[in-house]
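Fold the following for me, if possible:
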Amino acid sequence: MASRYDLGACSGPYCPYIHAADDTPRMRPWALPRRRLTHYLLVVSLDGAERIVVDGRAWVVPPGTGYLIQPGALADLGSADGNRPVWVHFDVVYDARRDQHPVAGAYAAELGERAPFLQPDARATWGVDLPVLVEAALHPLLRQRLPRLVAAWRQGGPVADLVANHELAGLLVAMVERATSGGSSGDDAPARLARAERAALRALDCDFGVSEFAAAAGLSRSRFSAVFAAARGMGPAA
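Got it, this is the predicted structure:
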């Protein structure tokens, strides 16, 4: 029976898989210039800022925010003052040869022998375009979940790997859901509240407070509290 959705995540061998993950602080200055990966790279900078250039466009990534580099993009990454990037390299489509994937270093601008390992982009996988900079509403979730992912992956073992991959899947769902909803602009109150409540449910075991709740809705804390109370008959803390 054909899938209702002609997307990699719905009709293909969708299988998030972590190649590597780490949270080691990097001393100043550091740089990974002109590197083209075949898989995805998701990063949150916990301490310190980064400056990145992706396919010729430059961004500054402030502390506490994150970014996503898609497969095949040419990226320059670095920090003049040093920072603590928490990062994960991952696939989204199953590849039986993934354990033999050649490692790419700095200046690996051409795929070369790595070309057969190129993963599909976000549009082919989820049907949406994901931005390079992770949206502000998702920063609290990224700061909570990505360090947990790294800790589990570094622990090793089948259960820890399962935990790490579930953390990754949850982050991807949040990013795709956010992109599908069109972001914060144009959302009505019910859509904002529903999105925030879904984010809260995914973070019940984390330090998810009213500020994170409001950020997931794309509203200020005071505005969110008023909207939530009017719609639910109680404050968001309750």
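
residues in contact with the residue nearest in space to the middle of the chain?
Most central in the chain under CA atoms, centre = their mean is residue 42, positioned 4.9 Å from the mean C-alpha point. When contacts are counted by CB atoms under 8 Å, 6 or more residues apart in numbering, residue 42 touches 66, 67, 68, 69, 87, 88, 90, 146, 168, 171. Heads up, the C-betas are built off the backbone N, CA and C, glycines and all.

Could you check how far it is from residue 115?
Using CB to CB, to the nearest Å, residue 42 is found at 22 Å from residue 115.

nearest spatial neighbour of residue 23, skipping sequence neighbours?
residue 86 (4.3 Å; CB to CB, 6 or more residues apart in numbering).

meant to ask about residue 47, not that
Excluding its sequence neighbours, the residue lying closest to residue 47 (CB to CB, 6+ apart) is residue 84, at 4.2 Å.

and that neighbour, how many neighbours does it have?
Here the count is done by other CB atoms under 10 Å, and residue 84 has 16 residues near it.

Return the backbone torsion pair for residue 133.
Backbone geometry at residue 133, expressed as degrees, to the nearest 10, gives phi -80, psi 130.

The closest residue to it other than its chain neighbours in helix, strand or coil?
Distances taken as CB to CB, 6+ apart place residue 67 nearest to residue 133, at 5.4 Å, with adjacent residues excluded. Classification of residue 67 using DSSP: H, G, I helix; E, B strand; the rest coil returns strand.

so how far is residue 144 from residue 67?
Distance from residue 67 to residue 144, by CB to CB: 17 Å.

pLDDT weak spots in the protein?
Within the chain, the ranges that satisfy pLDDT under 70 run 1-8, 182-187, 202-208.

need the longest helix for it.
For the chain, the longest helix by residue count, based on DSSP state H, is helix 158-180.

How far off centre is it?
Using CA atoms, centre = their mean, to the nearest Å, the mean C-alpha position of helix 158-180 is found 8 Å from that of the whole chain.

So that it lines up with my notes, have the first residue be 732 from now on.
Yes, from this point I'll number from 732; that puts the last item at helix 889-911.

Give me the buried stretch members for it, please.
Neighbour counts over helix 889-911 (16 or more other CB atoms under 10 Å) mark 894-896, 898-899, 901-903, 905-907, 909-910 as buried.

Turn those residues into CSV, columns for distance to residue 870.
Compiled in CSV, the buried residues of helix 889-911 are given as follows (distance: CB to CB, whole Å):
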residue, distance to residue 870
894, 22
895, 20
896, 22
898, 16
899, 17
901, 15
902, 12
903, 16
905, 11
906, 12
907, 16
909, 11
910, 15
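
Could you work out the most separated pair of the residues you listed?
Of all pairs drawn from the buried residues of helix 889-911, the widest gap by CB to CB lies between 894 and 910 and measures 25.1 Å.

Who are the packing partners of whichever strand or helix holds residue 741?
In this assignment (DSSP states H and E), residue 741 forms part of helix 739-742. Applying 3 or more CB pairs under 8 Å, 6 or more residues apart in numbering; DSSP states H and E, one finds that helix 739-742 makes contact with strand 816-824, helix 853-857.
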